[in-house]
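Engineer: okay, predicted coordinates and the sequence, questions at the end:
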Amino acid sequence: MGAELENASDRMAQLAIQGPKAMEVLQKLTPVNLSEIPYYAFTTGEFAGQKDVIISNTGYTGAGGFELYFYPEAGQAIWKAIFEAGAPEGIKPIGLGARDTLRLEMGFCLYGNDLSDTTSPLEAGLGWITKFVEGKNFTSRALLEKQKAEGLKRKLIAFEMVDRGIPRHGYELVNADGEKIGEVTSGTMSPIRKIGIGMGYVQTAYTALGSEIFIDVRGRKLKAVVVKAPFRK
């Protein structure tokens, strides 16, 4: 067909430029009209003088932004150009730890924490990803249809702490009697709310908004309440 297919996964670099000024800053560096890239879509074009850069209107902070994918040899040039273009807006480098608190405040699931090969989209509240449209087959459709018909035994909930404390991944969720009802999948101290927040899978009897649950922190039961994400108000 005249096409060449390359699996470049093991030699790709990525930069995520996030925040309300991301488009304004990045537009200075590319002839690609960034405003025409739909959310969760991408295009390939020139960026900061480098060819064949994948420009993706994605990110996991809830503040908007773009992710760039390129060969590592272009990394220094792209990094330098971005920070020069963003200097007037106060751009700063920041690590994934900050991304994790931001995505959690928005109630965004993270694979490996809130999603895994032991969870289903229905349990995670992501049924819109696997709509049962007639004639449209997808992996594990029969299993998910069976799960929906029989009813879910657990669901992913968002919760905020009532007692002072920080929920952490892997902490047990218990009821008032100390019986295990689930497990924390993501948890942190919210930089915006200044309280502990988290997500976790619990038995469906404890998923209603306002339900009182407890986090077992080294033998101490810390009270929390089920809320609706996002945590940012």
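Structural biologist: Cool, the structure landed. Being a predicted model, the structure only gives us computed values, none of them experimental. Residues are numbered from 1 along each chain as shown.
Engineer: ranges for the strands of this structure?
Structural biologist: 13-18, 42-47, 50-56, 65-70, 154-161, 172-174, 180-189, 196-203, 212-217, 220-227 (DSSP state E).
Engineer: return the most buried member of these.
Structural biologist: Comparing the strands of the chain by mean neighbour count (mean count of other C-beta atoms under 10 Å), strand 196-203 ranks first with a mean of 24. (Glycine included, C-beta is placed from N, CA and C.)
Engineer: list the buried residues in the helix-or-strand element of the chain with minimal mean pLDDT.
Structural biologist: Least confident helix or strand, the chain: helix 96-105 with a mean of 89, by mean pLDDT, DSSP states H and E. For helix 96-105, burial by neighbour count (16 or more other C-beta atoms under 10 Å) applies to R99, D100, T101, L102, R103, L104, E105.
Engineer: which one of those residues is nearest I213?
Structural biologist: L104 (17.2 Å; C-beta to C-beta).
Engineer: surely the closest one and R193 touch.
Structural biologist: No. The criterion here is C-beta atoms under 8 Å, and L104 misses it with R193 at 10.8 Å.
Engineer: what's the overlap in contacts for the two?
Structural biologist: F231 (C-beta atoms under 8 Å, 6 or more residues apart in numbering).
Engineer: which residues touch the least confident helix or strand of the chain?
Structural biologist: With C-beta under 8 Å, 6+ apart, helix 96-105 has contacts from 16, 18, 60-63, 110, 186-193, 197-199, 230-232.
Engineer: let's see it at 6 Å
Structural biologist: Contacts of helix 96-105 with the rest of the structure, by C-beta atoms under 6 Å, 6 or more residues apart in numbering, involve Y60, T61, S186, T188, S190, P191, I192, F231, R232.
Engineer: same check, this time on stretch 62-74
Structural biologist: Residues contacting stretch 62-74 (C-beta under 6 Å, 6+ apart): 12-20, 22, 26, 50, 53-54, 56-59, 106.
Engineer: fine, thanks again, bye for now.
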